[in-house]
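> Fold the following.
(one chain, ligands or ions: 1)
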Amino acid sequence: MLFTIILIFVSFISYKIYQKLRVPEGLKNVPTLSFLELVLFMLSKDGPDKRWENTRKVCEKEGIGKLWFNGEWHIVTTNLELIKDLMAKTDLYPKSSLEESSPGSLAAQYYGTNLVWKRHRRITNPAFKSLPMHVFDDSAVKLLKVIEKVDNEPIEVNGLMHRLTLDVLGRAAFGFDFNNLEDPTNIYVTTYHEVTAECDNPIYFLFPFIEYLPYFDRTEARKKVAKLNDLFNRIIETKRESMKTGELSKKIENNSADLLECMINASNDPKNYMSDEEMRHNLAIFMLAGHDTTATALSTILYVLASKKDLQRKVRDEILHVLGDNLTPTIEQQRELKYMTMVINENLRLYPPVHQLPRRENAEIIKFRNHVFLPKTPIFINIYGIHHSPGNWKDPEEFIPERFENEHEKRDHHTWLTFGGGTRSCIGTNFSLIEQRVMLCALLRKYEISLPADSIHKDKLHLRRANGSITGLHPIDLIFKRTE
Ligand code: HEM
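Residues are numbered from 1 along each chain as shown. Presented below is the predicted three-dimensional model:
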């Protein structure tokens, strides 16, 4: 009897495992990416460049590979034909929310269902139309003050750029000054880093079921999420109060409202209603999407400028020509910084701060070439691969800003997916580009930037994995020497 029960139990478990591992018929001809290599990558300090080295052979065959993890087969693609479809048909390929893909997880508790498609986008879009230029300008001045203190000595710029962009984001998004440039150990900032690091713990990413076991329920991390949520709740409450006193309406009228105030104002209209919880989740995603990404972009571009002195000179000459005596550019002057914009775009191509687009799932059965994707097949777009493929870019490893000179002429715009594409692309594109131009103007006007002779990045910039699909960097020391 006991033997029969054990036999039934073992057969049941084996069948369940077989079901999880079995390749769906329609994906049989899709080349396979190694799960073991994914595990090694997740546990290593390697960056998307190394991951691309491992996956390019498979991806470059016809631009799609299949990868098994977390009990299901995923598609990873660099195929432009498929990507065009994914970008254009947001209803057919919706982004999956964390609450659907990992219900009850720590990440779902913190990020929730942010930017609920269309409704939230409609409410937040206007907030991104009138950006608070004074926040960018003030922060540039603060940044210069920090650099002044270490004039002509190496300073680690990746950490510095994270502190800068977090301050900018906090003030612009919800009127909260983390003051992280001056106070690197600010309690909210350290809690935030602990929470995002926990959300990104590779063990829980590779084996998410662990989180549902009693001993591994991450009690401590959940307390930290609660602490951040508490901060967000208090900020939202104060803003809602200011709505009652009429203070918020004045700010809206004179264009000095932050993103949260714009959301609260818009959600006053019943058809745009957004609950406090939804607002909090949006703030959490703004904080992640809006500061880590731009910090990476600024760090890599400073590295490029430090290692290519001719290029640095050319960007500085343009700044001096366009800005005259100004430290930071007006919106009109930003449009004239054409060479700088080309350098920014090329930097974002070579070192895309997000190396893989968030997961999509097809709502219906899809036939692609001789493959069939069953509904709800997870699909990832590999931005790093697209940006580094010789089929899309001549000499993809070279830094050539001139590629972007006649931007609208010849290039298929799906070959540059830094901010995603289509209607579901990054809402903060302009925010980030303005922030980058303002910081570069202030820094290059005052300083010549160099790479120390013993830099670990002397021959090549060393990337590493960071939160989610964000590209991280090993520490980059640079020297800032005053020019005036
Ligand atoms: C260099 C800087 C940045 C890069 C490279 C970047 C990149 C991206 C990418 C690739 C996506 C996904 C798009 C897609 O799925 O098609 C995204 C989404 C998003 N980004 Fe950015 N981003 C940057 C800066 C910002 C900033 C400054 C903010 C906010 C202030 C922001 C807020 C968001 C939000 C809220 C989403 C989700 C949009 C949605 O799901 O509808 N990003 N970003």
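
> State the mean pLDDT of the longest helix along the chain.
If you go by DSSP state H, the chain has its longest helix at helix 276-307. When pLDDT is averaged over helix 276-307, the result is 90.

> and that helix, how far out from the chain's middle?
Relative to its parent chain, helix 276-307 has a centroid offset of 6 Å by CA atoms, centre = their mean, to the nearest Å.

> likewise stretch 373-381?
Put simply, stretch 373-381 sits 21 Å off its chain's centre (CA atoms, centre = their mean).

> ok so residue 454 is a helix residue?
No - note on residue 454: no helix contains this position according to DSSP: H, G, I helix; E, B strand; the rest coil, which reports coil.

> What is the neighbour count of it?
When neighbours are defined as other CB atoms under 10 Å, residue 454 has 8 of them. All C-beta spots, glycine's among them, are computed from the backbone N, C-alpha and C.

> where does residue 467 fall, helix, sheet strand or coil?
Secondary structure state of residue 467, per three-state DSSP, is coil.

> these two touch, right, it and residue 289?
No - using CB atoms under 8 Å, residue 467 makes no contact with residue 289, being 10.0 Å away.

> Against residue 468, how distant is the closest residue in space to residue 195 that isn't next to it in sequence?
If the residues on either side of it in the chain are set aside, residue 195 comes closest to residue 224, at 5.0 Å by CB to CB, 6 or more residues apart in numbering. From residue 224 across to residue 468, the span is 18 Å (CB to CB, to the nearest Å).

> And the contacts of stretch 44-62?
With CB atoms under 8 Å, 6 or more residues apart in numbering as the test, stretch 44-62 has contacts from 31-34, 37, 41, 65, 76-79, 352, 355-356, 369, 382, 384-385, 388-389, 391, 462-465, 471-474.

> filter those residues to the buried ones?
Those of these that meet the buried threshold are 33, 41, 65, 76-79, 352, 355-356, 382, 384-385, 388-389, 462-463, 465, 471-473, by 16 or more other CB atoms under 10 Å.

> Mind checking which of the residues you listed land in strands?
Among these, the residues falling in strands (DSSP state E) are 33, 65, 76, 77, 463, 465, 471, 472, 473.

> just those residues now: which is nearest the ligand?
Sorting those by how near they are to the ligand, with CB to the nearest ligand atom, puts residue 471 at the top with 8.8 Å.

> Return the residues in contact with the closest one.
Under the criterion of CB under 8 Å, 6+ apart, the contact list for residue 471 reads 47, 48, 296, 351, 352, 353, 354, 355, 384, 463.

> can you do 10 Å?
The neighbours of residue 471, taking CB atoms under 10 Å, 6 or more residues apart in numbering as the test, are 47-49, 292-293, 296-297, 299-300, 351-356, 383-384, 463-465.

> what does residue 301 give?
If you count contacts by CB under 10 Å, 6+ apart, residue 301 has them with 161, 315, 340, 343-344, 346-348, 350-351, 436, 439-440.

> for these, which one is nearest the ligand?
For the ligand, the closest of the contacts of residue 301 turns out to be residue 348, at 6.4 Å, with distances computed as CB to the nearest ligand atom.

> The closest one reaches residue 401, doesn't it?
No - shown here, residue 348 and residue 401 do not form a contact pair, counting by CB atoms under 10 Å, at 11.1 Å.

> what about the two, which has more around it?
residue 348 (26 against 21).

> Can you give me the neighbour number for the nearest residue to that one once chain neighbours are set aside?
Take residue 348 and drop its neighbours on the chain: the residue closest to it by CB to CB, 6+ apart is residue 418, 4.2 Å away. A total of 22 residues lie near residue 418 under the criterion other CB under 10 Å.

> what separates residue 418 from residue 356, distance-wise?
On the measure of CB to CB, residue 418 and residue 356 end up 12 Å apart.

> Determine the residues that are contacts of both of the two.
In contact with both residue 418 and residue 356: residue 383, using CB under 10 Å, 6+ apart.

> before we move on, back to that, columns distance to the ligand on top of the ones in strands among the buried ones among the contacts of stretch 44-62, output as TSV?
Formatted as TSV, these follow (distance: CB to the nearest ligand atom, whole Å):
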residue	distance to the ligand
33	21
65	20
76	15
77	13
463	14
465	16
471	9
472	13
473	13
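
> Take those and write them to CSV, including pLDDT.
Written out in CSV, the entries for these read as follows (pLDDT from 0 to 100):
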residue, pLDDT
33, 94
65, 95
76, 96
77, 96
463, 97
465, 87
471, 95
472, 93
473, 95
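
> ok, those residues vs residue 446, which is closest?
Closest to residue 446 out of these is residue 473 (23.3 Å), distances taken as CB to CB.

> just to revisit the earlier point, distance from the helix or strand following the longest helix of the chain to the middle of the chain?
Sequence order places helix 309-323 as the next helix or strand after helix 276-307, per DSSP states H and E. Here the centre of helix 309-323 is set off from its chain's centre by 28 Å, with CA atoms, centre = their mean.

> returning to that earlier point: how about the residue nearest to residue 348, secondary structure?
Reducing the assignment to helix, strand or coil with three-state DSSP, the entry for residue 418 is coil.

> For it, give me the backbone phi and psi.
Backbone dihedrals for residue 418, given as degrees, to the nearest 10, come out at phi -50, psi -40.

> mind starting the numbering at 757 from now?
Renumbered: residue one is now 757, and that last one reads residue 1174.

> ok, it - contacts?
By CB under 10 Å, 6+ apart, the contact list for residue 1174 reads 1049, 1053, 1100-1101, 1103-1105, 1107-1110, 1139, 1143, 1181-1182, 1185, 1188.

> Report the buried residues of the longest helix of the chain.
Residues 1034-1063 are the ones in helix 1032-1063 that count as buried (16+ other CB under 10 Å).

> again with stretch 992-1009
Of the residues in stretch 992-1009, 992, 995, 998, 999, 1004, 1007, 1008 count as buried by neighbour count, 16+ other CB under 10 Å.

> Stretch 985-993 too?
For stretch 985-993, a neighbour-count test (16+ other CB under 10 Å) marks 985, 987, 988, 989, 991, 992 as buried.

> pretty sure the last one is in a strand, no?
Think residue 992. No - counting by three-state DSSP, one finds residue 992 to be helix, located in no strand.

> how about the residues of this protein that lie near the ligand?
Among all residues of the chain, those adjacent to the ligand (criterion: CB under 6 Å from any ligand atom) are 851, 871, 877, 1041-1042, 1045-1046, 1049-1050, 1053, 1109-1110, 1113-1114, 1174-1177, 1180-1184, 1187-1188.

> C-terminal to the strand or helix carrying residue 866, what's the next element?
Secondary-structure assignment from DSSP H and E places residue 866 in helix 862-867. Helices and strands here follow DSSP H and E; after helix 862-867, the next one along the chain is helix 875-880.

> ok, then the element right after that following helix?
Toward the C-terminal end, the helix or strand that comes next after helix 875-880 (DSSP H and E) is helix 889-905.

> So which elements touch that following helix?
Packing partners of helix 889-905 (3 or more CB pairs under 10 Å, 6 or more residues apart in numbering; DSSP states H and E): strand 910-912, helix 913-930, helix 1185-1202, strand 1203-1206, strand 1233-1238.

> ok, 8 Å please
helix 913-930, helix 1185-1202 (3 or more CB pairs under 8 Å, 6 or more residues apart in numbering; DSSP states H and E).
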